[in-house]
Every structure is written in C-alpha cells, then in structure tokens.
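Student: I'll drop the sequence and a predicted model, then ask my questions.
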Amino acid sequence: MRNVKKEVVLWVQFVTLLGIWAAMLYAEGTGLAINWKAIKILPHVVTVYVALAFVFSKWLWRLQIFRGWLVPFPDLQGTWVGELKSTWRNPETGQQIAPLRMTVVVRQTFSSVSCTLFTKESESYSTAAQITRDEETGSLSLDYTYTNRSKATLRHRSPIHDGAARLKIVTLPKRALEGEYWTSRCTTGDISLRFLSRNLLDAFFEDEQQPESNSR
C-alpha cells in the first residue's frame, strides 16, 4: 500500500518489539538485564510480534485510534454499488448505451487492497491495486488494473479484456468512489459508486428499485 508512513511504521515496530521483550523478561523474573536468559527468549518475542503484526494488518488497523498518524488511508472494505457510463456505441445503431449497473467488492488489509466487479453480464478481478495520494491536492484515489470475463454466451460481442480504473475516494458529504476507466478494447467511461454494506458479496447486487439497463 503506497503512502504508508514508513518512518512511523518502523518506529512502531521497533518499540513494539522492545515492549514485548521487556514484558516477557519481567514475566520471567529477569528484569531488563541483557544476559543469556534474555537472549534465549528472543524467538518467543519474535513469535508474539508476528502474531500481533498479523492481527494488526488484518483487523486492528481499522480502529480510529490509528487513523492519521499511522494509517493515512481510509477503510474501504465492503460492497459498493452504482453505475458505469461507457463511451462504447452499438456498431449497428451508432447509439451510446444506457448506464450499466454494477457492484464492486473491495477487500482490504493494512498492506493490500483488491477489487472485484460484478455486472449482470460479466465479472472483473483486479490484478494490481493501491490507494494513492495526489501530492498537490492531497486527495486519495483507488487505482487498479483488472481482467474482465463476460459470460461464455456473450463473448462473441464482449471478449475477455484488460483495463484500468482510477476512482477518487470521497468521504464527505457521503462516502463514494467516483472516477473513470479505460480498457484494451479502446473504450472508456465514468464510474460512480456509493457504499452499500460491510458485507462482502460474491455476486451482482440486485437492486429492484433501480431500472434495468443495457450491457456494455
């Protein structure tokens, strides 16, 4: 994950290791003396540290207490829903298609992020993803590349292809992801998403309140 405050992370790691070591020395009744007994418990110190690091990377980093000084990016994990507006035009009619409803599932830890996109006709899986900060404006964006696979019965008009997207992370007044995408099929478009739930869905979200739309 880019834009992690590396110097702060290194200091936190160092202090945590020392804290674990000191606590285990006191538990053994050794005190802070550096001797052979203190050295012998180092493997146990490392084991405890690795376990704590795993728990932090998986869950604890989401706590508000770490936000800003240690974790400079927001927690995006969950399901987002919205629409995609494509520049693709029907070669038979020359008309631009209607907005396409979509569901994006974001999975995130302290050190990684991935995206899965669902529509009624296809699925896309990110091959690389990261959260970046614009040095001039300070705005954050979710950037990822992906591979799209449409249903087998539709590949005659929608072949497997690669693409990339950059979505600006909006926190106020409401949580949203807004941006654009590009594909190897020379199509582009705009994406607009709103946060739906912390639940991680495995398929396209059927929102009966939204009107049906055509596919890309």
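Tutor: Yes, it's here.
Student: residues of the worst-scoring helix or strand of the chain on mean pLDDT that come out buried?
Tutor: Ranked by mean pLDDT, DSSP states H and E, the weakest helix or strand in the chain is helix 36-40, scoring a mean of 77. For helix 36-40, the neighbour count (16 or more other Cβ atoms under 10 Å) marks Ala38 as buried. No exception for glycine: its C-beta is placed from N, CA and C like everyone else's.
Student: C-terminal to that helix, what's the next element?
Tutor: Downstream of helix 36-40, the first helix or strand assigned by DSSP states H and E is helix 42-58.
Student: for the least confident helix or strand of the chain, name the packing helices and strands.
Tutor: helix 6-28 (3 or more Cβ pairs under 8 Å, 6 or more residues apart in numbering; DSSP states H and E).
Student: not counting its own residues, what contacts the helix it packs on?
Tutor: 31-33, 37-38, 41-42, 44-45, 48-49, 52-53, 69-70 (Cβ atoms under 8 Å, 6 or more residues apart in numbering).
Student: if we use 6 Å, what do you get?
Tutor: Under the criterion Cβ atoms under 6 Å, 6 or more residues apart in numbering, residues 38, 41, 45, 48-49, 70 lie in contact with helix 6-28.
Student: for it, buried residues please.
Tutor: Buried, per 16+ other Cβ under 10 Å, within helix 6-28: 17, 20-21, 24-25.
Student: distance from the chain centre to the least confident helix or strand of the chain, please.
Tutor: Counting by Cα atoms, centre = their mean, to the nearest Å, helix 36-40 is centred 42 Å from the centre of its parent chain.
Student: ditto for stretch 136-147
Tutor: For stretch 136-147 - counting by Cα atoms, centre = their mean - the centre lies 10 Å from the chain centre.
Student: got the CA coordinates for that stretch in PDB?
Tutor: This file holds the C-alpha atoms of stretch 136-147, laid out as PDB (Å, rounded to 0.1, in the frame of the first residue of the first chain):
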ATOM      1  CA  GLU A 136      -0.700  18.700  -4.900                       C
ATOM      2  CA  THR A 137      -4.300  18.300  -3.800                       C
ATOM      3  CA  GLY A 138      -4.000  15.700  -1.100                       C
ATOM      4  CA  SER A 139      -6.900  13.800  -2.500                       C
ATOM      5  CA  LEU A 140      -6.900  10.000  -2.300                       C
ATOM      6  CA  SER A 141      -7.800   7.600  -5.100                       C
ATOM      7  CA  LEU A 142      -8.200   3.800  -5.500                       C
ATOM      8  CA  ASP A 143      -6.200   2.800  -8.600                       C
ATOM      9  CA  TYR A 144      -6.400  -0.700 -10.000                       C
ATOM     10  CA  THR A 145      -5.900  -2.800 -13.200                       C
ATOM     11  CA  TYR A 146      -8.200  -5.700 -13.900                       C
ATOM     12  CA  THR A 147      -9.200  -8.500 -16.200                       C
END
